[in-house]
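In: Need coordinates for the following:
(one chain, ligands or ions: 2)
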Amino acid sequence: MMKGTGASPGIALGKVLVIQNEELVVEKKYIESTENEKNRFSDAVEKSKRELSNIRDKAMNEFGPEKAAIFDAHILVLEDPELISKTIDKIEAEKLNAEYSFKEIINQFVSIFESMDNDYMRERAADIRDVSDRVLRNLLGIKVIDLSVLDEEVILVSNDLTPSETATMDKEKVLGFLTNIGGRTSHTAIMARSLEIPAVVGLKTVTQTLKDGDFVVFNGELGEVLINPSVEEIDYYKNLKAKYEEEKKELESLKGQISITIDERKVELAGNIGTPKDVEGLQKNDAEGVGLYRTEFIYMDRDSLPTEEEQFNAYKEVLESINPKPAVIRTLDIGGDKELSYLKFDEEMNPFLGYRAIRLCLDRQDIFKTQLRALLRASIYGNLKIMFPMISSLEELLEAKKVLEKVKKDLTKEGIDFSSDIEVGMMIEVPSAAIASDILAKHVDFFSIGTNDLIQYTTAVDRMNEKIHHLYNPFNPAVLRLIKMVIDNGHKEGIWVGMCGEMAGDKRMIPILLGLGLDEFSMSPISVLPARKLIKSLKYEDMKQFAKEVMNMSSAKEIEELIEKTLL
Ligand code: PEP
Ligand code: MG
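Out: Ligands and ions are numbered 1, 2, ... in the order given. Prediction:
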């Protein structure tokens, strides 16, 4: 059995598909028959074109013309007569193998495009690399796995999954994810929960341990993975799966109900989303609004910045589909573990402490203003609340608000309509913001505590680092004290305080957070109904007492044990 971190609940049983993202090794070889080599090359190009055209059609059906256009551009690369004829000439003239000849020509093309003084052309270099990788894999006989066109149901095994892999994969055929790296708050984990696909992350060596076709069963809550299990074990897990699905059905009866304790303390249970499409899952799970829309996904998985119009459409879609319930839309939070291929940042020693989120937006106000314009324009379609990420000082907050006011002025001047009562809030995910929350609370309409980052910054534990994952502990008294401080300071100024970090959906933490007075809990949609069930079984007055007891404890271990003993 392998043990990792349970990242998305559910039981999965099935055959695995291992995705190896290793570097391609191309050797230089002299060949006898240039004819044969040229044919190998043409076959690989044709095969690649066929594959791309299939993916293109699929992208068109599932995601529309914008995604399909990416693959059209890839096909065009393979139709470039110069690229093809230069490779053929090299094979012929130098009697070199097809892989090597093609790679050499590709390198020439890429360096020409990369040195051009034009963003669009430089981005084409990335397309050429992508396409050449496919042709080389076909030449080398290395399986090209397209997650968007899977032939059968599989459990995906990989080092990690990129946002583009999760965005394009054939979700109907993916039964689960198993990855080497990551923790509960890594993006693969968050994505798995939003897709409602069971997942275990942080398995360290799962790509080496498993091979294609191995049969596994795993529990996405406990993080346990059984390889080639016995008949009895399979039966056991099948039963567990049936039980899990039964429980899920029972939760259905809680739909349409409010989230209220026995003694009538009402809280909001909202959902976290990454794309407008995720609102569907959120409605299905009866979330009471969008508590966090991570807009960075609009910026990812493409080769240029999204236009104001594209963003406007995405925000409008979210606001309209959730209306009249509120949607908290967070401004761009890029940097850290989320990169954009087309925005080259300087290499940093500590990206999580670096040029990211609001810091980048205040520096690149062109990007920030475009997003704010799109948000304001969309505001008339629903109940918008704007939220700034990574605020670490009052100056930063005031500067961000100033830019927002400037954009509002511009729109008014242009005669463009926007809502007049948009709440403006900020995330509390940096310890300095938590400590100064009494000051900051005077300048916002709400706080949302981002525990994913708050834990990592408070305890100096990188949320992505497997080696020190045991130190990334939500029960750490220092973290809990900061949370209490933020809630108390927010309430003193009369603003509501929510939480959109993963802790908000953790059934071990909900009773304490409730007792501390948290007003809104925003979580993966899949956790909403279980959280409602839990809240309806609790008494607010008891939880206040319980939270007090917890606050007097001195170690994470003691707190965790008390919770296990008292509540679970
Ligand atoms: C957080 O830091 O808790 C959060 C919700 O933001 P993200 O996970 O996107 O960093
Ligand atoms: Mg964060």
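In: Return the distance of P389 relative to ligand 2.
Out: According to C-beta to the ion, to the nearest Å, P389 stands 6 Å off from ligand 2. (C-beta placed from N, C-alpha, C; glycine too.)
In: confidence score at that residue?
Out: With respect to pLDDT, P389 has a value of 98.
In: right, and it touches V430 too?
Out: No - contact criterion C-beta atoms under 8 Å: P389 and V430 do not qualify, at 9.6 Å.
In: Give me the more crowded residue out of those two.
Out: Higher neighbour count among P389 and V430: P389, with 27 against 22, using other C-beta atoms under 10 Å.
In: Please settle this for me: is Y100 part of a helix?
Out: Yes - under DSSP: H, G, I helix; E, B strand; the rest coil, Y100 falls within a helix.
In: in stretch 489-501, what counts as buried?
Out: Going by neighbour count (16 or more other C-beta atoms under 10 Å), the buried part of stretch 489-501 is N489, G490, E493, I495, W496, V497, G498, M499, C500, G501.
In: could you list every residue that touches the closest residue to ligand 1 within the stretch 1-150 of the chain?
Out: Closest residue of the stretch 1-150 of the chain to ligand 1, C-beta to the nearest ligand atom: A7 (13.3 Å). Counting by C-beta atoms under 8 Å, 6 or more residues apart in numbering, A7 touches 177, 182-184, 186, 188-189, 192-193, 199-202, 220, 223.
In: on that earlier part again, out of the buried residues of stretch 489-501, which is nearest to ligand 2?
Out: For the buried residues of stretch 489-501, the closest approach to ligand 2 (C-beta to the ion) belongs to G501, at 7.3 Å.
In: Could you count how many residues lie near P65?
Out: Residues lying near P65 (other C-beta under 10 Å) number 9.
In: so where's the stretch 251-400 of the chain shaky on pLDDT?
Out: The model of the stretch 251-400 of the chain has no residue with pLDDT under 70.
In: give me the number of residues near the closest residue to ligand 1 within the stretch 301-450 of the chain?
Out: Ranking the residues of the stretch 301-450 of the chain by distance to ligand 1 (C-beta to the nearest ligand atom) places G450 first, at 2.9 Å. Neighbourhood size, G450 [other C-beta under 10 Å]: 28.
In: Likewise for P9?
Out: Residues near P9, counting by other C-beta under 10 Å: 20.
In: how about the nearest residue to whatever residue of the stretch 1-150 of the chain ends up closest to ligand 2, chain neighbours excluded?
Out: Across the stretch 1-150 of the chain, the shortest distance to ligand 2 (C-beta to the ion) belongs to A7, at 17.0 Å. Sequence neighbours aside, A189 is the residue nearest to A7 in space, at 3.6 Å (criterion: C-beta to C-beta, 6 or more residues apart in numbering).
In: Over to V200. Which of the three states is it?
Out: strand.
In: Next, the closest residue to ligand 2 within the stretch 51-200 of the chain: phi, psi?
Out: Closest to ligand 2 within the stretch 51-200 of the chain is T185: 8.5 Å, counting by C-beta to the ion. With angles defined as degrees, to the nearest 10, T185 sits at phi -110, psi 10.
In: Report how many residues lie close to the nearest residue to it once chain neighbours are set aside.
Out: Closest residue to T185 apart from its sequence neighbours, by C-beta to C-beta, 6+ apart: N452 at 4.0 Å. By the measure other C-beta under 10 Å, the count of residues near N452 is 20.
In: Need the contact partners of stretch 436-443.
Out: 391, 393-394, 397-398, 401, 426, 428, 433, 447, 485-486, 489-490, 492-493, 495.
In: From the residues you listed, keep the buried residues only.
Out: Listed as buried from those are 391, 397, 401, 426, 428, 433, 447, 485-486, 489-490, 493, 495; burial here means 16+ other C-beta under 10 Å.
In: Just the ones of the residues you listed in strands?
Out: M426, I428, F447 (DSSP state E).
In: For whatever residue of the stretch 401-550 of the chain ends up closest to ligand 2, pull up the helix or strand it's in.
Out: As assessed by C-beta to the ion, ligand 2 sits closest to D453 within the stretch 401-550 of the chain, at 3.7 Å. Under the criterion of DSSP states H and E, D453 resides in helix 451-459.
In: what comes into contact with that helix?
Out: Contacts for helix 451-459 (C-beta under 8 Å, 6+ apart): 185, 352, 390, 428-431, 434, 461-463, 471-474, 476, 478-479, 482-483, 499, 501-504.
In: Just the buried positions in the one helix or strand N36 maps to, please.
Out: N36 belongs to helix 34-63 when assigned by DSSP H and E. For helix 34-63, the neighbour count (16+ other C-beta under 10 Å) marks 34, 37-38, 40-41, 44-45, 47-49, 51-52, 55-56, 58-60 as buried.
In: quick revisit: between the buried residues of stretch 489-501, which sits nearest E232?
Out: Ranked by distance to E232 (C-beta to C-beta), the buried residues of stretch 489-501 are led by G501 at 39.5 Å.
In: ok, for the closest one, nearest residue in space, not its chain neighbours?
Out: T451 (2.9 Å).
In: and T185, how far is that from D488?
Out: As judged by C-beta to C-beta, to the nearest Å, T185 and D488 stand 25 Å apart.
In: so who does the closest residue to N97 other than its chain neighbours touch?
Out: Distance criterion C-beta to C-beta, 6+ apart; nearest residue to N97, sequence neighbours excluded, is K29 at 4.2 Å. Shown in contact with K29 (C-beta under 8 Å, 6+ apart): L96, N97, Y100.
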